[in-house]
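J.: just the structure for this:
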Amino acid sequence: MKISLPTKVAIGSFIIAGIGILIISLLSYNLMVDYFKNNILDNLHFELMQDAKKIKEDIERIRYDEQLIINDDNIKAFYRAYNNKFHYDAKTNMTLNDIELSLEKTFVSLLSHNNSYFNIRLIQKNGKELLVVAKSDDTIYVKKKKELQDKSKRHYFKQAIKLKPGEVFISKINLNREHGQIEVPHIPTIRMALPIYFNNEIFAVLIINANIYSLFSTLNEIHDPNKKIYLANQDGYYLYHPERQKTFGFELNRDYKITDDFDLSKDRYFKDNYAFAYTKIYLQPDHYLILALTITDQFLLKQSKEYQHQLSFYMILISLIIALTLLLFVRYLISPLLTLTTKAKEIAEADTSHVNFEKIETNDEIGELSKSLHTMLKKLQESKKEVEKKVQERTEELNQLNENLEKIVEEKTKENITQLDLLQQQSKLASMGEMIGAIAHQWRQPLNELSISIQNLKYDFEDGLVTEEYVDEFIESSKKIIQFMSTTIDNFRNFYRTDKTKELFDVKEAIETTVFLQQAQLNNNNIEIEIKGESFEINSYKNEFQQVILNLINNAKDALLEKKIKNAKITIEIKNKTITIKDNAGGVASAIKERIFEPYFTTKEEGKGTGMGLYMSKIIIEQNIKAKLTMHNNDEGAEFRIDFNEN
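T.: Prediction:
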């Protein structure tokens, strides 16, 4: 939709007038809003302090109940009977068992009359529980002797045992644990410990566990849907939140903190559509809770909307009057400008060489604009010719560049192929070094046998034991040893043939040949290797396939030796056209797992690894053999998988 310039000016004037009126109105409006905001914040802070006072009273009530128990005559009788070799208290004429029953009744009575308490424990100074009464699902029970636990390692006990007479320890609030595991359903727990002293020596610690959701009654007294209450520990983690999944993030690996939702640099403020206030409740000098209240600004919004409606009516009315007046005046002033607009449109839409432009002769800005437009038309015509010439020259340059680019791409491709062949040769030479070591191990035993046989021949000859039959057996035995060594050399020569021709071969036989070359070295390092599963045939490059198997076996061997694994084992399993090579060396660290196939990446010491083995193995398997090489950790170690189903 096209809008004329006078209309735009009128609309702009309407907007400017409206903004001016709005600014003036907002000044008075903001003063009113500030007053209401301060009043709401003061009331919210007063209510917050009352809630904080209630929480302190709730915590103090635990201390009062513990003090009543400690001052109970049964505790004193329990101490005397416990330290009596007959477990008898002469003063009350009661046995230790009778006193325990009496204490149990006291504990049960306290649990039954206080919904927030769910566990009362009497713990000896060595950390062993003496008496435990607990409540679960409104059922109160006394723990049997065999169920009593050692709490000497728990933080709250270590702190409690250091207390002096009359001092109290209040634990940090967390989820209750039984036998080291978080109890389900979750119980948000605060623990208060009071030491029991006799003859200036600590005898035991009395601990009451309370559910804060029941203990802190103020958390359950918010019924206004516009008001919310929050409780957090001094680290900022929520202990109470209307959305329960945000609580106890430090226990359940959830990162929900009050500092992420609110600014605690100020104790009260208005933000967006709510008011916020908070305070700290110190349970101990180095331990506090954060209590916060929020309330939406519904009342403030209601008052402001009424004021806004009245303001909007007068603002629109005055702005319309101003806009209509300006519309008529501007239409008269800019009629020559409309003529220039028409000519400018013709220049934009037609060939500039055919535009007929007549200048407007006036002594004002419009006359200057007319002259400038006429000059611009001439320059456009000149520029058009120059641009056409440059476009032609640039086109010729691009055509020439395109021809050169094809040659550059071809040269770079050849260079990359040459570099990849060189890397593959380097990897093969590194594997050859490994294999020469394997042959040395493979030959050591047969050479030793030949040496012993020749030495024995001399002694047997001197003893007159050399007969024709003896000589035949000696020759046959020596031939077998020499044949074994010859077979080793043949396998080595075949393993490193330089020809690169596809052939149909049995993967299991190829693997067994590779393992044969490594067998002596593996045996020497007490590494067991097992090959299992049904074989299959593939038409591919056998030598390159064996080089990959050798690399993976050497990797597993190095990992087992580096970590000094007892009962070291390498398992090669063939199943469903998939070859799995796994070890029990513990696996690859997750931090480097994604990088093991990168070139020149190695975790070995300098000089012991090139970082090319796994990189070239992946290149050979996926580009030459057209299979898939992957790695992941299992329960025992690393597992490399060559999958021929994805080719």
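J.: list the beta-bridge partners for residue 530.
T.: Per DSSP bridges, the residues bridged to residue 530 are residue 571.
J.: mind listing what it touches?
T.: By C-beta atoms under 8 Å, 6 or more residues apart in numbering, the contact set of residue 530 is 569-572. Where you see a C-beta, it was placed from the backbone N, CA and C, and this is true even at glycine.
J.: in the strand or helix carrying residue 514, which residues are buried?
T.: If you go by DSSP states H and E, residue 514 is part of helix 507-524. Buried positions in helix 507-524, judged by neighbour count with 16 or more other C-beta atoms under 10 Å: 507-508, 510-511, 513-515, 517-522.
J.: mind giving me the packing neighbours of it?
T.: Packed against helix 507-524 by the contact rule (3 or more C-beta pairs under 8 Å, 6 or more residues apart in numbering; DSSP states H and E) you find helix 365-462, helix 468-495, strand 528-533, helix 542-562, strand 569-575.
J.: how about the contacts made by residue 288?
T.: Residue 288 is in contact with 234, 280-282, counting by C-beta under 8 Å, 6+ apart.
J.: next, it: secondary structure please.
T.: strand (DSSP: H, G, I helix; E, B strand; the rest coil).
J.: what sits opposite it in the beta ladder?
T.: Judged by DSSP bridges, the bridge partners of residue 288 are residue 282.
J.: now the phi/psi pair for the most far-flung residue of the chain relative to its centre, please.
T.: The outermost residue of the chain, judged against the average C-alpha position, is residue 464 (80.6 Å), by C-alpha atoms, centre = their mean. With angles defined as degrees, to the nearest 10, residue 464 sits at phi 80, psi 20.
J.: the residue lying closest to residue 188 once chain neighbours are set aside: neighbour count?
T.: Leaving aside its sequence neighbours, residue 188 sits nearest to residue 212 (C-beta to C-beta, 6 or more residues apart in numbering; 4.9 Å). Look at residue 212: counted by other C-beta atoms under 10 Å, it has 20 neighbours.
J.: what residues are up against residue 212?
T.: With contact taken as C-beta under 8 Å, 6+ apart, residue 212 is in contact with 116, 173, 188-190, 219, 231, 239-240.
J.: how about a cut-off of 10 Å?
T.: 55, 58-59, 116, 173, 187-190, 219, 231, 239-240, 289 (C-beta atoms under 10 Å, 6 or more residues apart in numbering).
J.: could you do residue 149 as well?
T.: Contact partners of residue 149, counting by C-beta under 10 Å, 6+ apart, are 121, 123, 127-129, 132, 143, 178-180.
J.: parallel or antiparallel, list what pairs with the helix or strand that contains residue 120.
T.: For residue 120, the host element (DSSP H and E) is strand 117-124. Here strand 117-124 is paired, per DSSP bridges, with strand 129-136 (antiparallel), strand 201-211 (antiparallel).
J.: which one of the ones you listed is the most hemmed in?
T.: Of all those, strand 201-211 carries the top mean neighbour count, a mean of 21, counting by mean count of other C-beta atoms under 10 Å.
J.: and the nearest residue to residue 643 once chain neighbours are set aside, what are its phi and psi?
T.: Spatial nearest neighbour of residue 643, chain neighbours left out: residue 628 (4.4 Å); criterion: C-beta to C-beta, 6+ apart. With angles defined as degrees, to the nearest 10, residue 628 sits at phi -130, psi 130.
J.: now list the buried members of the contacts of residue 149.
T.: 121, 123, 127, 129, 132.
J.: got a list of what the first one touches?
T.: For residue 121, the contact set (C-beta under 10 Å, 6+ apart) comprises 107, 129-134, 143, 148-149, 151, 157, 191, 193, 204-209.
J.: picking that back up, and the contacts of residue 212 as TSV, adding pLDDT and distance to residue 563?
T.: Listed next are these as TSV, based on pLDDT from 0 to 100; distance: C-beta to C-beta, whole Å:
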residue	pLDDT	distance to residue 563
55	93	54
58	93	55
59	93	52
116	92	52
173	93	43
187	92	43
188	94	43
189	94	42
190	94	46
219	87	52
231	95	48
239	94	44
240	94	48
289	95	47
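J.: in strands only, show me those residues.
T.: Assigned to strands by DSSP state E, the following of these qualify: 188-190, 231, 239-240, 289.
J.: got a PyMOL select line for the buried ones in those?
T.: Here is the PyMOL command that selects the buried residues among these (16+ other C-beta under 10 Å):
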select buried, resi 188+189+190+231+239+240+289
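J.: identify the residues contacting residue 290.
T.: Contacts of residue 290 (C-beta under 10 Å, 6+ apart): 230-239, 258-259, 262, 264, 278-281.
J.: swap the cut-off to 8 Å and go again
T.: The contact partners of residue 290, by C-beta under 8 Å, 6+ apart, come to 230-234, 236, 258, 264, 278-281.
J.: make CSV out of the strands paired with strand 117-124 and add mean pLDDT and distance to residue 542.
T.: What follows is the strands paired with strand 117-124, written out as CSV (pLDDT from 0 to 100; distance: least, C-beta to C-beta, whole Å):
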stretch, mean pLDDT, distance to residue 542
strand 129-136, 93, 69
strand 201-211, 94, 71
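J.: which of the ones you listed sits closest to residue 541?
T.: Residue 541 lies closest to strand 129-136 among the strands paired with strand 117-124, at 68.8 Å (C-beta to C-beta).
J.: just the CA trace of that closest one, in PDB.
T.: Taking Å, rounded to 0.1, in the frame of the first residue of the first chain, the C-alpha atoms of strand 129-136 are listed here in PDB:
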ATOM      1  CA  GLU A 129      24.300 -46.400  67.700                       C
ATOM      2  CA  LEU A 130      22.900 -47.400  71.100                       C
ATOM      3  CA  LEU A 131      19.200 -46.800  70.500                       C
ATOM      4  CA  VAL A 132      17.300 -45.700  67.400                       C
ATOM      5  CA  VAL A 133      13.600 -45.100  67.100                       C
ATOM      6  CA  ALA A 134      12.300 -44.200  63.600                       C
ATOM      7  CA  LYS A 135       9.100 -43.300  61.900                       C
ATOM      8  CA  SER A 136       8.100 -44.300  58.300                       C
END
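J.: how far out from the middle of the chain is that strand?
T.: Centre-to-centre, strand 129-136 and its host chain are 39 Å apart (C-alpha atoms, centre = their mean, to the nearest Å).
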